[in-house]
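Participant: mind folding the following:
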Amino acid sequence: MFDATFWVAISFLIFIALLIYKKVPGLINKVLDDKISEIKKKVEESEKLKTDSEKLLSTYQAKLNDSKKECDLILQNAKINSDKDSKELTEKFKNNLMSRERSVEEKITNLKNEALKEIELKAAMLSADAVREIMKNEIDEKKRADINFTSVKQSINKINS
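Facilitator: A predicted model of the protein is given here:
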């Protein structure tokens, strides 16, 4: 009478009726709707995270650009300062060198003056000795007694001072 296909069809219809009676399609729709809304929330959240991350990226890129500009400015200031310091040090070195040259020139002048004084003193002493020798040989005893050698020595002392 009835074959196996018929009974499979009947059992399938009973199964479907049972599913409808238990409201399984509504539950499945509800579960699917919940899953869809959950996925939508995650998509919206990920889009929000994406926009936030783009904002952060643009903010950090702006900060990076600002820091690069600041770094360039610092480097320029450092170069200017180093040039300025170099010029100042060169000027100080030149001034120091010039003062040393002046000091050496003053020492040379002082030594020269001292040497000239010594030469004058020696010349005065030699001339006094020569006058004394001439007086011994050329002038007689009486005239020598009259000549005061102290005046010659006084003139030598004046030359020394």
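Participant: F2 versus L18, what's the distance?
Facilitator: When Cβ to Cβ, to the nearest Å is applied, the distance between L18 and F2 equals 21 Å. Every C-beta, even on glycine, is put in place using the N, C-alpha and C of the backbone.
Participant: who are the packing partners of the helix or strand containing K42?
Facilitator: Secondary-structure element containing K42, defined by DSSP states H and E: helix 24-138. Contacting helix 24-138 under the criterion 3 or more Cβ pairs under 8 Å, 6 or more residues apart in numbering; DSSP states H and E are the following elements: helix 141-146, helix 149-160.
Participant: worst average pLDDT in those?
Facilitator: Lowest mean pLDDT of these: helix 141-146, a mean of 58.
Participant: center of this protein - which residue?
Facilitator: Within the chain, the residue whose C-alpha comes closest to the C-alpha centroid is A78; the distance, by Cα atoms, centre = their mean, is 5.9 Å.
Participant: quick one: the helix holding K42 to chain centroid distance?
Facilitator: If you compare the mean C-alpha spot of helix 24-138 with that of the full chain, they lie 4 Å apart, counting by Cα atoms, centre = their mean, to the nearest Å.
Participant: and the residue nearest to the centre of the chain, what pLDDT?
Facilitator: Per-residue confidence for A78 comes out at a pLDDT of 91.
Participant: change the start of the numbering to 864 and stick with it
Facilitator: Taking 864 as the first residue, the last one we looked at is A941.
Participant: mind checking how far it is from K947?
Facilitator: Applying Cβ to Cβ, one obtains 11 Å for the distance of A941 from K947.
Participant: same deal with D929?
Facilitator: In this structure, D929 and K947 are 26 Å apart, going by Cβ to Cβ.
Participant: do K898 as well
Facilitator: Note on K898: its distance to K947, by Cβ to Cβ, is 72 Å.
Participant: same check, this time on I891
Facilitator: As for I891, its distance to K947 is 82 Å (criterion: Cβ to Cβ).
Participant: try E901
Facilitator: Applying Cβ to Cβ, one obtains 67 Å for the distance of E901 from K947.
Participant: and if you look at E964?
Facilitator: E964 is 26 Å from K947, where distance means Cβ to Cβ.
Participant: next: E908.
Facilitator: Separation of E908 from K947 (Cβ to Cβ): 57 Å.
Participant: again with K918
Facilitator: Following Cβ to Cβ, the distance that separates K918 from K947 is 43 Å.
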